[in-house]
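Undergrad: my questions concern the predicted model and sequence given below.
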Amino acid sequence: MSEPEIAIVGSGPSGFFAAEALLKSDAGVRVDMFDRLPTPYGLVRSGVAPDHQQIKQVVKVFDALATNPKFAFFGNIDIGRDIPLAGLRNRYDAVILAYGASAGTPLPIPGSDLPQSITATDFVGWYNGHPDFAGLEPRFDHECAVVVGHGNVGIDVARILLSDHARLAKTDIADHALEALRESRVRRVHLVGRRGPAQASFTTAELRELLGLPGVRVVIDQDAMQLNEEEQAYLDLPVNAAIKRNVSVMADAIAREAHGEDAKELHLDFLASPMEIEGTDRVRSVRFARNRLEGPADNRKAVPGAEHFAISAGLAISSIGFRGKPLGNAPFDERRGIIPNVAGRVTGEANGSMPLYVAGWIKRGATGVIGTNRADAMETVRTLLSDFREGRWPVKPGRPRTPALLSGSRIDFMDWKRIDAAECLSGREAGRPRRKIVSVAAMLDVARRGEGAVLPSQPVG
């Protein structure tokens, strides 16, 4: 029997973990991985904060996997533009879609379309040098910025806005972001959530890092920190130990001595729902309704009240979630922003269709951390291999070579390593981990010519 050939669309953690599980199986599979960018690693490269270099070390596992002779990387290949999804499915025995959730969620309120009202997805892509967002041009000409959403992405955004420039200059933040933040006038960031401290979805390590940021005074609404007996009993349950740690970290921050008068400020605001972004030519302020919490302690609902207040700000960033985008004629759940599936097998296709699979955020939504994707991908691979062994899809004979299907300019893994080496060399010369190339054209040039193609001043676009 011929070796099964599996295509994976997307080269982030879920894609690589799926490839790892496939290649470690006894099914003898070959894996081709596709990404529309010349660079692999997905959100490890373009989502993980630049001051979190340790988290990015997971790419060493992916690099080792890429040396497997049964693995091939096809970068700069857009499924839909260079190969239709239907063409990929015709060519391969099975396809796993692992392309993530790349769309931000704007605030669903009047004024969200004003200039300087942006999503955290766009902002994170901008400071991480993602080619799609390199031309964003946020403005930091007002002393205050508002970030809506109490999750880890909101924490990252607030930390980058408040970090000392010298601290950022030691990271791999994109050059254009480093230069823009050098001139930032932002001195105060409001990180606002609609519910209370016990409902915030921060991880403790991220929260502790933010609240301990040097040179930043932390201001937390002490009234919102007061828990009733039912809420306290809920936190005391062993299953809620992480939530209790978060509340304790916030309480400790309130008790700490404040920084000097010239310190920047982080305001951790609770029980507030955005109602309108105010301004005519750009963001001028964000108006909120004061909320109350209703329902049992394990399912608190935020209910807006009659009291409103406004925060004067020049930048409003929505950090209320990521959404996936549809691909080709694959089924898509518009409400949830995912591809519907059961244990990774796509549902809702026409009878007789060869099985299609999903992994990662496009499978389950934008939840969890990088490590969450390993178990998620392994579940999908178990489903796929079970289908194969049960004869749901046979190995296809007489398949054309994949390069014959491509209309774009393919980047293989060795090409990427040339880009990687050039970025790291340029970074070392500047005392940084790397200087990212943010232009696809420049990436392709470096891939073909080597590190000598990197220019001190990199074009955007």
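TA: Looks like it came in fine.

Undergrad: pLDDT weak spots in the stretch 351-461 of the chain?
TA: For the stretch 351-461 of the chain, residues meeting the criterion pLDDT under 70 lie at 352, 398-408, 450-461.

Undergrad: mind listing the strands in it by residue range?
TA: 356-358 (DSSP state E, counting those that start in this stretch).

Undergrad: where do the helices of it begin and end?
TA: 361-364, 372-389, 413-429, 440-449 (DSSP state H, counting those that start in this stretch).

Undergrad: what's the third one in contact with?
TA: This means helix 413-429. The contact list for helix 413-429, computed with Cβ atoms under 8 Å, 6 or more residues apart in numbering, reads 38-40, 66, 72-73, 75, 172, 433-437, 443, 446-448, 450-451, 453-454. No exception for glycine: its C-beta is placed from N, CA and C like everyone else's.

Undergrad: report the buried members of the residues you listed.
TA: Buried residues within the contacts of helix 413-429, defined by neighbour count using 16 or more other Cβ atoms under 10 Å: 38-40, 66, 72-73, 75, 172, 433-437, 443, 446-447, 453-454.

Undergrad: hmm, back to that, of the helices of the stretch 351-461 of the chain, which approaches V249 most closely?
TA: helix 372-389 (22.1 Å; Cβ to Cβ).

Undergrad: and the closest one, what does it pack onto?
TA: Contacts defined by 3 or more Cβ pairs under 8 Å, 6 or more residues apart in numbering; DSSP states H and E place helix 372-389 against helix 13-24, strand 94-97, strand 345-346, strand 356-358, helix 361-364.

Undergrad: what residues sit buried inside the first one?
TA: So that's helix 13-24. Quick answer for helix 13-24 (16+ other Cβ under 10 Å): 13-23.

Undergrad: again with stretch 175-185
TA: Neighbour-count burial for stretch 175-185 [16+ other Cβ under 10 Å]: 175-178, 180-181, 184.

Undergrad: how about it as CSV, C-alpha atoms only?
TA: What follows is stretch 175-185, C-alpha atoms only, in CSV (Å, rounded to 0.1, in the frame of the first residue of the first chain):
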residue,chain,number,x,y,z
ASP,A,175,11.3,48.0,14.1
HIS,A,176,8.4,50.3,13.0
ALA,A,177,6.7,49.6,16.4
LEU,A,178,9.8,50.3,18.4
GLU,A,179,10.3,53.6,16.7
ALA,A,180,6.6,54.6,17.1
LEU,A,181,6.6,53.7,20.7
ARG,A,182,9.8,55.7,21.3
GLU,A,183,7.7,58.8,20.8
SER,A,184,4.7,57.6,22.6
ARG,A,185,2.9,60.1,24.9
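
Undergrad: what distance separates that stretch from the centre of its chain?
TA: With Cα atoms, centre = their mean, to the nearest Å as the basis, stretch 175-185 stands 21 Å off its chain's centre.

Undergrad: same question, stretch 92-103
TA: 16 Å.

Undergrad: heads up, I number from 52, so please use that
TA: In the new count, where the first residue is 52, that last one comes out as stretch 143-154.

Undergrad: now do the end-to-end distance for that stretch.
TA: Terminal residues of stretch 143-154 are spaced 28 Å apart (Cα to Cα, to the nearest Å).

Undergrad: can I have the helix or strand where R338 lies written out in PDB, keeping just the CAs?
TA: When elements are assigned from DSSP states H and E, R338 belongs to strand 336-345. The C-alpha trace of strand 336-345 is given here as PDB (Å, rounded to 0.1, in the frame of the first residue of the first chain):
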ATOM      1  CA  SER A 336     -13.200  59.200  24.500                       C
ATOM      2  CA  VAL A 337     -15.000  55.900  25.300                       C
ATOM      3  CA  ARG A 338     -18.300  55.900  27.200                       C
ATOM      4  CA  PHE A 339     -19.200  53.100  29.500                       C
ATOM      5  CA  ALA A 340     -22.200  51.900  31.400                       C
ATOM      6  CA  ARG A 341     -21.600  50.800  35.000                       C
ATOM      7  CA  ASN A 342     -22.700  47.200  35.500                       C
ATOM      8  CA  ARG A 343     -24.000  45.000  38.200                       C
ATOM      9  CA  LEU A 344     -23.500  41.300  38.500                       C
ATOM     10  CA  GLU A 345     -26.500  38.900  38.600                       C
END
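
Undergrad: list of residues touching it?
TA: Here strand 336-345 has contacts from 197, 199, 243, 245-247, 250, 322-330, 351-364, 367, using Cβ under 8 Å, 6+ apart.

Undergrad: so D215 sits against R233, correct?
TA: No: at 10.7 Å, D215 does not count as touching R233 under the criterion of Cβ atoms under 8 Å.

Undergrad: returning to what we had before: any of the contacts of strand 336-345 buried? List them.
TA: 197, 199, 243, 245-247, 250, 322-330, 351, 353, 355, 362, 364, 367.

Undergrad: inside strands: which ones of the residues you listed?
TA: 197, 199, 243, 323-329, 353, 355, 362, 367 (DSSP state E).

Undergrad: what two of those residues are the furthest from one another?
TA: Across these (Cβ to Cβ), the longest gap, 21.4 Å, separates E329 and A353.
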